[in-house]
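Q: Next comes the sequence, and after it the predicted model I'd like to discuss.
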Amino acid sequence: MRVKEARDAARRWVIEEASGVSGFCGAYTAGSTNWLPDDAELTRASDLDIMVVVADQNQTRRRHKFIYRDTLLEVSYLGNNQLQSPDQILSDYHLAPSFRTTKILLDPSGHLTALLTMVRRDYAKRQWVCERCTNARNRVLQYLRSIREEAELHDQVIAWLFAAGITTHILLVAGLRNPTVRSRYAAVRELLTGYGHVEFHESLLELLGVARMSRDRVGQHLATLIDIFDRAKHTIKAPFSFATDISENARFMTIDGSFEMIERGYHREAMFWIAVTHSRCQKVILCDTPAGMTQTFGDSYRELVSDLRVSSAKEVRRRCADVELILPGVWQLAEAIVATNHEIESDRAEPASNPDGAPQNE
């Protein structure tokens, strides 16, 4: 299927279904497909993201994936209080890249269209690029500070994985690239190669614990993920925020997408989403599966965290300290990228940064 066909299906779904939601304000496309031309092929390992904007906060529903007219859609809901001004969007490293490249699907009041014009105008100004880099850096620290020693190991590991993984987003945002989720490590490798800093990519992989992991070992972890994923997608019951990522509709993205990355030579980079998904599945299994059935899956998870060197709360604390230690170097490199990125427009505003790597607004 071509991207244009998927966007047409998304628009039709919004008109037929989403527009009837109480307080509906509009809808727009988000995610990696925004960066693709209309005639690009949408693979089975890809979905099309839709943001539905609503005025009624009670109508903000859980993110979900489903097939509509042969298109895998992922729908999220956003309160219109987060889209009141262009400044709100321009300073948010998640919202701004997708909004700047979006295709508006439905905009009854014209508010989204007006915002889009202003966001596109100011997106590449240095002030806002630095604000978004700071926003991403603060998100790293928020994940680190959210970890509690008494929490289950898989919960600690998930938080650590995202803290380490968002370091790539700081750099992608500095380069005006898409801060993609599943393939972030492949994307940052391409960015750093283009800027002559590919050696730093090894530091990011070392931070993740996969710098010396072989393709065969990654393949083994993917094979065990398939087993636990297929079990978890049938047993999941608790209201997990990530439930849509542990479902039959998400299987192509997670499993086929990981195979695809490995085949392209990005086996180490594929481990980020393999580890995140395995940790989430482990949480599902422990919550929703009879105790007698968890032993095998527990053994495979212990192998995973052992390879990543986060097999205990003590090790997680140490690896979190490593993330904090690398942040100043990540920030310095982000500043260098901003300084040499010819797409970024200079302005008189000071960069939104602190020299010690601490967040501004905490």
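A: Sure, I can see it.
Q: Pull the number of nearby residues for Phe297.
A: 21 (other CB atoms under 10 Å). In short, each C-beta sits where N, CA and C put it, glycine included.
Q: can you check Glu5 too?
A: Neighbour count of Glu5, defined by other CB under 10 Å: 16.
Q: Would you enumerate the residues in contact with it?
A: Leu42, Thr71 (CB atoms under 8 Å, 6 or more residues apart in numbering).
Q: neighbours around the closest residue to Gly23 other than its chain neighbours, how many?
A: Leaving out its chain neighbours, the residue that sits closest to Gly23 by CB to CB, 6 or more residues apart in numbering is Asp56, at 3.1 Å. By the criterion of other CB under 10 Å, Asp56 has 13 neighbours.
Q: if I look at Asp56, how far off is Gly79?
A: Counting by CB to CB, to the nearest Å, the separation of Asp56 from Gly79 is 9 Å.
Q: for Glu269, same thing?
A: Distance, Glu269 to Gly79, using CB to CB: 34 Å.
Q: where does this protein have low pLDDT?
A: Applying pLDDT under 70 to the chain flags the ranges 58-60, 291-294, 347-362.
Q: tell me which strands and helices the lengthiest helix in it is in contact with?
A: Counting by DSSP state H, the longest helix found in the chain is helix 313-340. In terms of contacts (3 or more CB pairs under 8 Å, 6 or more residues apart in numbering; DSSP states H and E), helix 313-340 is packed against helix 126-146, helix 153-174, helix 198-208.
Q: Counting neighbours, which bits of that helix end up buried?
A: Judged by neighbour count (16 or more other CB atoms under 10 Å), helix 313-340 contains these buried residues: 313, 315-316, 319-320, 323, 326-327, 330-331, 333-334, 337-338.
Q: just stretch 256-267 next, same as before
A: Gly257, Ser258, Glu260, Met261, Ile262, Tyr266, His267.
Q: Please tell me how far His111 sits from Leu90.
A: Separation of His111 from Leu90 (CB to CB): 16 Å.
Q: Next: Ala334.
A: Per CB to CB, Ala334 is found 17 Å from Leu90.
Q: ok, Phe252 - contacts?
A: Arg44, Ala45, Leu72.
Q: Dump those residues to a markdown table, plus neighbour count and distance to Glu202.
A: Converted to a markdown table, the contacts of Phe252 look like this (neighbours: other CB atoms under 10 Å; distance: CB to CB, whole Å):
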| residue | neighbour count | distance to Glu202 |
| --- | --- | --- |
| Arg44 | 13 | 31 |
| Ala45 | 19 | 26 |
| Leu72 | 21 | 34 |
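Q: So which of these belong to helices?
A: Going by DSSP H, the helices hold none of those.
Q: quick one: Arg61 is in a helix?
A: No: using DSSP: H, G, I helix; E, B strand; the rest coil, the secondary structure at Arg61 is coil, not a helix.
Q: ok, the closest residue in space to it that isn't next to it in sequence - how many residues close by?
A: Nearest in space to Arg61, with sequence neighbours left out and distances taken as CB to CB, 6+ apart, is Tyr77 at 5.0 Å. Using other CB under 10 Å, Tyr77 has 19 other residues around it.
Q: residues making contact with stretch 16-35?
A: Residues outside stretch 16-35 that contact it (CB under 8 Å, 6+ apart): 3, 6-7, 10, 14, 42, 46-56, 58-59, 74-76, 80, 98-99, 101-109, 111-112, 178, 180.
Q: Hmm, I typed the wrong one, I wanted stretch 197-205.
A: Under CB under 8 Å, 6+ apart, the answer for stretch 197-205 is 164, 167-168, 185, 188-189, 192-193, 211, 268-269, 326, 329, 333, 336.
Q: Which two of those have the greatest separation?
A: Arg268 and Ala336 (24.0 Å; CB to CB).
Q: Report the residue ranges of every domain in this structure.
A: Listed domain ranges for the chain are 3-122, 130-318 (source: automatic domain parsing).
Q: Span of the longest one from start to end?
A: Read it as domain 130-318. 29 Å (CA to CA, to the nearest Å).
Q: for Leu27, helix, strand, or coil?
A: Quick fix: residue 27 is Ala, not Leu. Under three-state DSSP, Ala27 comes out as strand.
Q: Roughly how far does it sit from Ala18?
A: Distance from Ala27 to Ala18, counting by CB to CB: 6 Å.
Q: When the two are compared, which one has more neighbours?
A: For Ala27 versus Ala18, the count of surrounding residues by other CB under 10 Å is larger for Ala27: 28 against 20.
Q: can you pull out the helices in the chain?
A: 3-16, 86-90, 95-100, 111-122, 126-146, 153-174, 184-194, 198-208, 215-235, 248-251, 257-263, 267-288, 295-308, 313-340.
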